[in-house]
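In: This is a predicted model, with the sequence first.
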Amino acid sequence: MPNLRTQPGSMRVLAFLAAMALPLVLWHAEAATAAGAFVIGLVAVGGVLAGARRARATEARMASLAAGHERDAAARARGAEEAARMVSATLDAVPDAILEVDGERIVVRANAAARSLLSASAGMTLLSIVRDPDILAGVEDVLAGRETADIPFTLPGPVERHLVVHVLRLDLGAAARSRAMLLYRDVTALRSADRLRADFVANVSHELRTPLASLSGFVETLRGPARDDEPARLRFLEIMDGEARRMTRLVADLLSLSRIEASEHAAPIEPVEIAPVVARVVDMLAPVARARRISVAVDIEAGLPPVAGDGDQLQQVMQNLVDNAIKYGRAEGQVRVSARLLAAEGSVPARVALAVSDTGDGIAREHLHRLTERFYRIDPGRSRRMGGTGLGLAIVKHIVNRHRGALSIESTPGEGSTFTVRIPAIDPVAAPRRPSEDQRGQPSSTA
Ligand SMILES: Nc1ncnc2c1ncn2[C@@H]1O[C@H](COP(=O)(O)OP(=O)(O)OP(=O)(O)O)[C@@H](O)[C@H]1O
Ligand SMILES: [Mg+2]
């Protein structure tokens, strides 16, 4: 029996007619109206059956609609989950620590950097993660309606880190309360680059100001009190000459440093034989060595392959190292220049090791890692008196970097120092000939 409650009104009327017609057919079977009544009955029963069919179809349609709704809801839920995963993955890829805090000051999201930097995770209270009163005040301001707040913050530790915490307001529409997002930007590298730049400018001005002041002082003296003092004039002119030369060297070294830095990305590829480079440097500095009665010994391994490099720059490296060894070595001592081949090891190619040793006072451990900084000197007065600019080892470091090599310094105070430069060698098998004009410009292979 069809359920009448689910049928439309017309079907209920037909069902009622059918129920009325059936007794009529039975009671007046012989009467002339029996046939008519029978027909009415049939129509009525047919109507009932058709109504039932329509009701079943309606029920099926409604069931299918309900199933469709369920499917849509499941798809929407899947979409929302996927979007949440995408947001998490994207935030995890950001190197800055990010925290999202709701109106109750509970963390609703902490990206990977926040988890490792702040040990934060979703569900924690903000107070259990952040103690800095300025950051907490920034979050309160933002939750109260301010758009953003930037708070500088220092993270203590073995290596101090400087951060700026940007607090931003996240508006989630009228239905939800605003949230605050905390973004920790590490500005340590920026700060140290700023400091280096400022130090560099200060150092250059200082290096130039001192000789310039001394030059003006001597000019005044020569015009005034020493005007007729011949021996004093000659002495002063000699000092002035030395100061002027040092300033010229300083400017030349600064220019050379900036040129090397500008080309540091492109490793030089010309094959350079080491023996002639060393011989030229030793010849050039022989008078300086003689003046300090220092003997210079050269020891170059036989059959040394050429290195991939720039001949002039490698000569500059050797000149700066041998010059230091003579300047800072013990008078009447010995300087040794050696070159030998280091075989390839795993992914490290074969290299030529160039070492310059002296028998000087040596260098205390705390200075070793700073020697290649521009203008860093252990004894600035001594270096300046000898005409030094304090840029020699900085130039060595940048040239070695450009050659994809390495510089190491070993020193025993009281005994002497050894400066070693390792430069990739050219594989004699892969590159048996010097590159001809047509080969130039193609990278040489190194062992
Ligand atoms: N072989 C060495 N023994 C001891 N100290 C050294 C040696 N080589 C360098 N130093 C120290 O390192 C400092 C930096 O050397 P660098 O060559 O950069 O500058 P400089 O020699 O003072 O000046 P410049 O090279 O312009 O003449 C020197 O002032 C010196 O104190
Ligand atoms: Mg030097």
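Out: Ah, there it is. Ligands and ions are numbered 1, 2, ... in the order given.

In: use CA for all of it now, contacts and neighbours both
Out: Noted.

In: Please tell me how far the closest residue to residue 172 other than its chain neighbours sits from residue 223.
Out: Distance criterion C-alpha to C-alpha, 6 or more residues apart in numbering; nearest residue to residue 172, sequence neighbours excluded, is residue 178 at 5.9 Å. Noted for residue 178: a distance of 77 Å to residue 223, by C-alpha to C-alpha, to the nearest Å.

In: Look at these two and report which has more neighbours.
Out: The neighbour comparison of residue 178 against residue 223 (other C-alpha atoms under 10 Å) goes to residue 178, with 19 against 11.

In: remind me which residues of the stretch 301-447 of the chain are low pLDDT?
Out: By pLDDT under 70, the low-scoring segments of the stretch 301-447 of the chain are 428-447.

In: neighbours of the residue of the stretch 201-350 of the chain found nearest ligand 2, just the number please.
Out: As assessed by C-alpha to the ion, ligand 2 sits closest to residue 324 within the stretch 201-350 of the chain, at 4.7 Å. For residue 324, the neighbour count with other C-alpha under 10 Å is 19.

In: Then the one 4 residues further on?
Out: Close neighbours of residue 328, defined as other C-alpha under 10 Å, add up to 19.

In: Give me the three-state assignment for the residue nearest to it when sequence neighbours are not counted.
Out: Spatial nearest neighbour of residue 328, excluding adjacent residues (C-alpha to C-alpha, 6+ apart): residue 360 at 6.0 Å. The three-state label given to residue 360 by DSSP: H, G, I helix; E, B strand; the rest coil is coil.

In: quick one, what contacts residue 360?
Out: 325, 328, 329, 330, 333, 414, 415, 416, 417 (C-alpha atoms under 8 Å, 6 or more residues apart in numbering).

In: distance of the fifth one from residue 133?
Out: Right, the one you point to is residue 333. The value you get for residue 333 to residue 133, if C-alpha to C-alpha is used, is 62 Å.

In: is residue 407 in a bridge, and if so with what?
Out: With beta bridges defined as DSSP bridges, residue 407 has these partners: residue 421.

In: pretty sure it is touching residue 419, no?
Out: Yes: Residue 407 lies in contact with residue 419 (C-alpha atoms under 8 Å); the separation is 7.2 Å.

In: Give me the phi and psi angles of residue 167.
Out: phi -110, psi 130 (degrees, to the nearest 10).

In: Give me the neighbour count for it.
Out: By the other C-alpha under 10 Å criterion, the neighbourhood of residue 167 contains 28 residues.

In: For it, list each beta-bridge partner.
Out: Under DSSP bridges, the beta-bridge partners of residue 167 are residue 149, residue 182.

In: any idea of the pLDDT on it?
Out: The model reports residue 167 with a pLDDT of 96.

In: Does it touch residue 146 like I think?
Out: No: in this structure, residue 167 is not within contact of residue 146 by C-alpha under 8 Å, at 9.6 Å.

In: quick one, helices of this structure?
Out: 9-27, 33-93, 112-118, 126-129, 133-143, 188-223, 230-262, 274-291, 311-328, 365-368, 380-385, 392-402 (DSSP state H).

In: what's the closest of those to residue 339?
Out: helix 274-291 (7.8 Å; C-alpha to C-alpha).

In: packing partners for the closest one?
Out: If contacts are counted by 3 or more C-alpha pairs under 8 Å, 6 or more residues apart in numbering; DSSP states H and E, helix 274-291 sits against strand 295-300, helix 311-328.

In: Stretch 414-433 and ligand 2, any residue contact?
Out: No: figure legend: stretch 414-433 not in contact with ligand 2 (C-alpha under 5 Å from the ion); closest approach 12.0 Å.

In: And that stretch, what's buried?
Out: 416, 417, 418, 419, 420, 421, 422, 423, 424, 425, 426, 427 (16 or more other C-alpha atoms under 10 Å).

In: so what's residue 405 up against?
Out: Neighbours of residue 405 in contact, by C-alpha under 8 Å, 6+ apart: 421, 422, 423, 424.

In: For these, could you give me a markdown table that also reports distance to residue 310?
Out: Output for the contacts of residue 405, formatted as a markdown table (distance: C-alpha to C-alpha, whole Å):
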| residue | distance to residue 310 |
| --- | --- |
| 421 | 14 |
| 422 | 14 |
| 423 | 11 |
| 424 | 12 |
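
In: distance between the ends of stretch 326-346?
Out: Start to finish, the residues bounding stretch 326-346 are 37 Å apart (C-alpha to C-alpha).

In: Double-check residue 155 against residue 161; I have them as touching.
Out: Yes: here residue 155 reaches residue 161: they are 5.1 Å apart, a contact under C-alpha under 8 Å.

In: Specify the residue ranges that define each domain of the chain.
Out: Using automatic domain parsing, the domain parsing of the chain gives 4-85, 94-186, 191-262, 267-447.

In: Mind checking the ones you listed for the one nearest to ligand 1?
Out: domain 267-447 (3.2 Å; C-alpha to the nearest ligand atom).

In: The closest one and ligand 1 in contact?
Out: Yes: Domain 267-447 reaches ligand 1 (C-alpha under 6 Å from any ligand atom) through 320, 324-325, 328, 362-363, 371, 376-379, 383, 388-394, 417.

In: Restricted to buried residues, select those in PyMOL.
Out: This is how PyMOL selects the buried members of the residues of domain 267-447 next to ligand 1, with burial counted by 16+ other C-alpha under 10 Å:
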select buried, resi 320+324+325+328+362+363+371+376+377+383+388+389+390+391+392+393+394+417
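
In: coming back round to it: does the residue nearest to residue 172 really touch residue 103, like I thought?
Out: Yes: counting by C-alpha under 8 Å, residue 178 touches residue 103, with 6.6 Å between them.

In: Dump stretch 213-229 to PDB, keeping only the CA atoms.
Out: Output of stretch 213-229 as PDB, limited to C-alpha atoms (Å, rounded to 0.1, in the frame of the first residue of the first chain):
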ATOM      1  CA  ALA A 213      97.600  65.000   8.400                       C
ATOM      2  CA  SER A 214     101.300  64.200   8.600                       C
ATOM      3  CA  LEU A 215     101.900  65.600   5.100                       C
ATOM      4  CA  SER A 216     100.200  68.900   6.000                       C
ATOM      5  CA  GLY A 217     102.200  69.100   9.200                       C
ATOM      6  CA  PHE A 218     105.500  68.600   7.400                       C
ATOM      7  CA  VAL A 219     104.500  71.200   4.700                       C
ATOM      8  CA  GLU A 220     103.800  73.700   7.500                       C
ATOM      9  CA  THR A 221     107.200  72.900   9.200                       C
ATOM     10  CA  LEU A 222     109.100  73.200   5.900                       C
ATOM     11  CA  ARG A 223     107.400  76.600   5.200                       C
ATOM     12  CA  GLY A 224     108.100  77.900   8.700                       C
ATOM     13  CA  PRO A 225     110.700  76.700  11.300                       C
ATOM     14  CA  ALA A 226     112.600  74.300   9.000                       C
ATOM     15  CA  ARG A 227     112.700  76.600   6.100                       C
ATOM     16  CA  ASP A 228     116.500  77.000   6.300                       C
ATOM     17  CA  ASP A 229     117.300  73.800   8.100                       C
END
